[in-house]
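In: when you get a sec, could you give me coordinates for this:
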Amino acid sequence: MIKLSHLPEPELEFGEGHRHIDIRHGLIDFGPFDHGMTGAPTSVRVGLIGDNETTEGMGEWFARCRTGIEAKADTRLTNLYPPFPGILADGPFRIEFTLADHDVRTISARALKKLTGTTPLGLADRYAELFVAELRALAEGNTRPDVVVIALPVDVITAVNAGGDDDGDLIDEGKDDAPAKAAPEDEAARDFRAQLKIAAMAFGLPIQIVWPTFYDPSIKIPLKTKADSFREVQKDDATRAWNFFTALYYKAGGLPWRLARDARQLRSCFVGISFHKSQSGGYLDTSTAQMFDERGEGMILRGGRAAQLFEDRRPYMTAEDAHALLSQSLQNFRDQHAHFPARVVLHKTSPFHPEEMEGFDAALDECAIDNLDCLAISKTLMRLYRDGHYPPLRGTLMRLDGDRAVLYSRGGVDFFRTYTGQYIPRPLMIRGQAPSQPVSHNASEILALTKMNWNNTQFDNGYPITISASKKVGKILRFLRKGDPLQTRYSYFM
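Out: Below you'll find the model as predicted:
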């Protein structure tokens, strides 16, 4: 029997244990979760790499953000569009962000123009070499920044065919509701971005890639697949500043917020699993993004080669690889906390194969863990409708049976008095296999995990961070060569 309910909006935990349902208002009122804790940033020193135009543009944007940016004008949605208070010590992060001249590396126009290549992929390699050389100079200097902004020129973006629906690293996860991607990145663009990320791992220096449209929305970046069409910037200035500095704070080693934990619940470990093609395209590998309990600290793991289902062509892991992957996850958890979790939650976009379940069960038995939830999470075309102009509320849950439910991770939000998306939201289909908790409990956790993307301050990302992170990780891991250093913190992949 179908049962309809509405889940309450999950709270997040900020400074000194204070809670709020919204990221930006929580930071304004209480500061970041780790403020004042040992190991938390006491300041964030930012490096910058680009050409003359992009370094100047980013420098001006940085200076503009210093004392704050006013809220979006002419709107009644004040909760949705708060002002950005600035990057001084009295701002939302309670520390200062600095950009000094000696941390700016400028690539000359002559060096960029000298590059030639017969294919975008060849150009991607040569452009990447220029930026990696400047990143090395910052990493190997007498002093080094905490995080580096890579400000790409328009010519570089178009040369490597990166003119897709993306603004560097600052991606709006809600765009997965769009009917179709207008201009997805091709192999050259993915290779270029991966080379920069892999170099950042080798130097131990996280990077943030931005496009010129970030600081100047009037700049036009052509969409590769549409003639006379350009990528438009939708966000207001204050929101872009919120997203940018939140990402920098996390990449500099900070933890802006965490899930609010109920002490009565089992200590849980969340693991996202996805598959990605090898660089040759000849086979599939497994990647995971593991979120350590309610702190949400990301630990990247690399799995083995995937098997292939002949019936529906969906990939899966062998029992041996599934066992090895989860065993490594649990050992990493124990290394961090000195004990194993009481419960393991696995997220994947495809159903769990019996071989995978066999391997997972064996890993849990070795650690004497009794509670396992395997959840297949994917977008569904099933829709609900409500009276009025807005879609169903975020948190709307339709239980179809004991193991299946439809969840609106995006939708109308009372706190904003509106629906924030551009497209009709597509809900998530949740299929539970061997669940230890009721579907409503698992759905509540999924809803909370959609708020754990530190790459932006979006209230309602479409997928839980376990799924979105594992997909993003796979785009980098496929280019990682044998012997390349693998950083395990998620900040190197986002």
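In: ranking helices and strands of this structure by mean pLDDT, which lands last?
Out: Of all helical and strand segments in the chain, the minimum by mean pLDDT, DSSP states H and E falls on strand 307-308, at a mean of 66.
In: ok, then the element right after it?
Out: Proceeding N to C from strand 307-308, the next assigned helix or strand is strand 315-316, under DSSP states H and E.
In: low-confidence ranges, the stretch 51-200 of the chain, go.
Out: Applying pLDDT under 70 to the stretch 51-200 of the chain flags the ranges 116-121, 161-176, 178-189.
In: isn't Ala111 right up against Tyr127?
Out: No - taking contacts as C-beta atoms under 8 Å, Ala111 lies outside contact range of Tyr127: 10.1 Å. (C-beta placed from N, C-alpha, C; glycine too.)
In: more neighbours: which of these two?
Out: Tyr127 (26 against 12; other C-beta atoms under 10 Å).
In: ok, and the closest non-adjacent residue to the more buried one?
Out: Val156 (5.3 Å; C-beta to C-beta, 6 or more residues apart in numbering).
In: Trp61 too?
Out: That would be Tyr215: by C-beta to C-beta, 6+ apart, it lies 3.7 Å from Trp61.
In: just to revisit the earlier point, number of residues surrounding the residue nearest to Tyr127?
Out: Val156 has 25 neighbours, counted by other C-beta under 10 Å.
In: now do the helix or strand hosting it: which elements does it pack against?
Out: Secondary structure from DSSP H and E places Val156 in helix 154-159. With contacts taken as 3 or more C-beta pairs under 8 Å, 6 or more residues apart in numbering; DSSP states H and E, helix 154-159 sits against helix 120-139.
In: please name every helix or strand in contact with the helix it packs on.
Out: strand 43-50, strand 104-106, helix 109-113, strand 147-151, helix 154-159, helix 187-203.
In: buried ones in that helix?
Out: For helix 120-139, the neighbour count (16 or more other C-beta atoms under 10 Å) marks 120-121, 123-128, 130-132, 134-135, 138-139 as buried.
In: this protein: helices as residue ranges?
Out: In the chain, helices defined by DSSP state H lie at 23-30, 52-65, 109-113, 120-139, 154-159, 187-203, 212-215, 237-251, 319-337, 354-366, 439-449, 465-477, listed in chain order.
In: next one: the shortest one to chain centre, how far?
Out: Helix 212-215 has its C-alpha centroid displaced from the chain centroid by 20 Å (C-alpha atoms, centre = their mean, to the nearest Å).
In: ditto for the last one
Out: Distance of helix 465-477 from its chain centroid, counting by C-alpha atoms, centre = their mean, is 8 Å.
In: swap in the fourth one?
Out: Its chain's C-alpha centre lies 24 Å from the corresponding centre of helix 120-139 when counted by C-alpha atoms, centre = their mean.
In: what residues does that helix touch?
Out: Contact with helix 120-139 is made by 47, 49, 103, 105, 107, 111-112, 115, 117, 144-145, 148, 150, 156, 159-161, 186-189, 191-192, 195-196, 199-200, 203-205, 207, as judged by C-beta atoms under 8 Å, 6 or more residues apart in numbering.
In: for it, list the C-alpha coordinates in CSV.
Out: Extracted C-alpha coordinates of helix 120-139, given in CSV (Å, rounded to 0.1, in the frame of the first residue of the first chain):
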residue,chain,number,x,y,z
PRO,A,120,42.1,19.6,-28.4
LEU,A,121,43.6,16.7,-26.4
GLY,A,122,47.1,17.7,-27.4
LEU,A,123,46.4,21.3,-26.5
ALA,A,124,45.0,20.1,-23.1
ASP,A,125,48.3,18.5,-22.3
ARG,A,126,50.4,21.5,-23.2
TYR,A,127,48.1,24.0,-21.4
ALA,A,128,48.1,21.8,-18.4
GLU,A,129,52.0,21.8,-18.3
LEU,A,130,52.0,25.6,-18.1
PHE,A,131,49.6,25.7,-15.1
VAL,A,132,51.3,22.7,-13.4
ALA,A,133,54.7,24.5,-13.6
GLU,A,134,53.3,27.5,-11.8
LEU,A,135,51.6,25.3,-9.3
ARG,A,136,54.9,23.7,-8.6
ALA,A,137,56.5,27.1,-8.1
LEU,A,138,53.9,27.9,-5.4
ALA,A,139,54.2,24.5,-3.7
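In: how big is the angle separating it from strand 43-50?
Out: 140 degrees (axes from the mean of the first three to the mean of the last three C-alpha atoms, to 10 degrees).
In: quick one: the residue of the chain most remote from its centre from Leu12, how far?
Out: For the chain, the largest distance from the centre (C-alpha atoms, centre = their mean) belongs to Met1, which lies 36.0 Å off. Distance of Met1 to Leu12, computed by C-beta to C-beta, to the nearest Å: 34 Å.
In: okay, buried residues for stretch 477-488 please.
Out: Buried residues in stretch 477-488, counting neighbours by 16+ other C-beta under 10 Å, are found at Leu477, Arg478, Phe479, Leu480, Gln487.
In: coming back round to it: Leu112 is in contact with the residue nearest to Tyr127, correct?
Out: Yes - assessed by C-beta under 8 Å, Val156 is found in contact with Leu112 at 7.2 Å.
In: could you chop this protein up by domain?
Out: Per the record, the chain has its domains at 41-251, 265-481+488-492, by automatic domain parsing.
In: right, so of these, which gets closest to Gly17?
Out: Proximity to Gly17 (C-beta to C-beta) singles out domain 265-481+488-492 among these, at 12.4 Å.
In: report pLDDT for Met291.
Out: At Met291, the pLDDT value in this model is 69.
In: circling back to that earlier point, save the helices and strands packed on helix 120-139 as JSON lines, and put in distance to Asp237 too.
Out: Formatted as JSON lines, the helices and strands packed on helix 120-139 follow (distance: least, C-beta to C-beta, whole Å):
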{"stretch": "strand 43-50", "distance to Asp237": "18"}
{"stretch": "strand 104-106", "distance to Asp237": "22"}
{"stretch": "helix 109-113", "distance to Asp237": "28"}
{"stretch": "strand 147-151", "distance to Asp237": "17"}
{"stretch": "helix 154-159", "distance to Asp237": "20"}
{"stretch": "helix 187-203", "distance to Asp237": "25"}
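In: so what's Leu48 up against?
Out: Leu48 touches Thr55, Met58, Gly59, Leu99, Asp103, Val104, Arg105, Val148, Val149, Ala151, counting by C-beta under 8 Å, 6+ apart.
In: run through the bridge partners of the last one.
Out: For Ala151, the beta-bridge assignment (DSSP bridges) gives partners Val210.
In: burial of it, as a residue count?
Out: Residues near Ala151, counting by other C-beta under 10 Å: 30.
In: equivalent analysis for the fifth one, please.
Out: For Asp103, the count of nearby residues is 20 (other C-beta under 10 Å).
In: swap in the fourth one?
Out: The local packing count at Leu99 equals 21, with neighbours defined by other C-beta under 10 Å.
In: before we move on, what about the first one?
Out: A count of nearby residues for Thr55, using other C-beta under 10 Å, gives 20.
In: can I assume it is in contact with Leu152?
Out: No - using C-beta under 8 Å, Thr55 makes no contact with Leu152, being 11.2 Å away.
In: contacts only, for Asp177.
Out: Shown in contact with Asp177 (C-beta under 8 Å, 6+ apart): Arg410, Gly421, Gln422, Tyr423, Ile424, Pro425, Arg426, Gly462.
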